[in-house]
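Colleague: got a predicted model here, sequence first, then my questions.
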Amino acid sequence: MTRRWLRIPIAVLLLAVCVSAKGTEEPLEALKARAENARPQNQGHLFATIARREVNEADRFYTEGDIANATKAVDEVVRYADRATEAAQKSGKHLKNTEILLRQTARRLDDVRKTLNFDDRPYVEAAVKQVEKVRQKLLDQMFGLSSKANKK
């Protein structure tokens, strides 16, 4: 009977440790280094994660009024989204997860665009379109649309 009561606090403690560990994110630069050295089948998902995190960096820079660094971060979003698509297409692994992350990235970037001054919006809007374009490439590969289009 006492063993059963001992299991509950231990389970709660383990759950708390897992939740607190999940809250600490790997630094972006460390994630970039890990993605560069990762196995090809894992790079697509890692690059998409980097793109998603770069949106948060861009938002932070725009909020601080640092437009130069914000535009660099937006450029990084597009670059890593493109790399994620290429890596996922080459390996054929994690296509769905990479596509989902890129969709979230595009939506979040569009949310950031809506908060910006009118002058800053076109640059971010072009980036959103570029991310959507590379995301569409993944969808085409997943559902075989590119091969059907070539037959017509």
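Modeller: Nice, thanks for sending it over.
Colleague: look at the nearest residue to residue 93 once chain neighbours are set aside and report its pLDDT.
Modeller: Excluding the flanking residues, the one nearest residue 93 by Cβ to Cβ, 6 or more residues apart in numbering is residue 41, at 3.9 Å. The C-beta positions use only the backbone N, C-alpha and C, and glycine is treated the same way. According to the prediction, residue 41 has pLDDT 90.
Colleague: now do residue 41 against residue 84, distance only.
Modeller: 13 Å (Cβ to Cβ, to the nearest Å).
Colleague: more neighbours, these two?
Modeller: More crowded of residue 41 and residue 84, by other Cβ atoms under 10 Å: residue 84, with 31 against 14.
Colleague: buried set for the helix or strand harbouring the more buried one?
Modeller: Assessed by DSSP states H and E, residue 84 sits inside helix 67-91. Within helix 67-91, the residues that count as buried by 16 or more other Cβ atoms under 10 Å are 70-71, 73-74, 76-78, 80-85, 87-89, 91.
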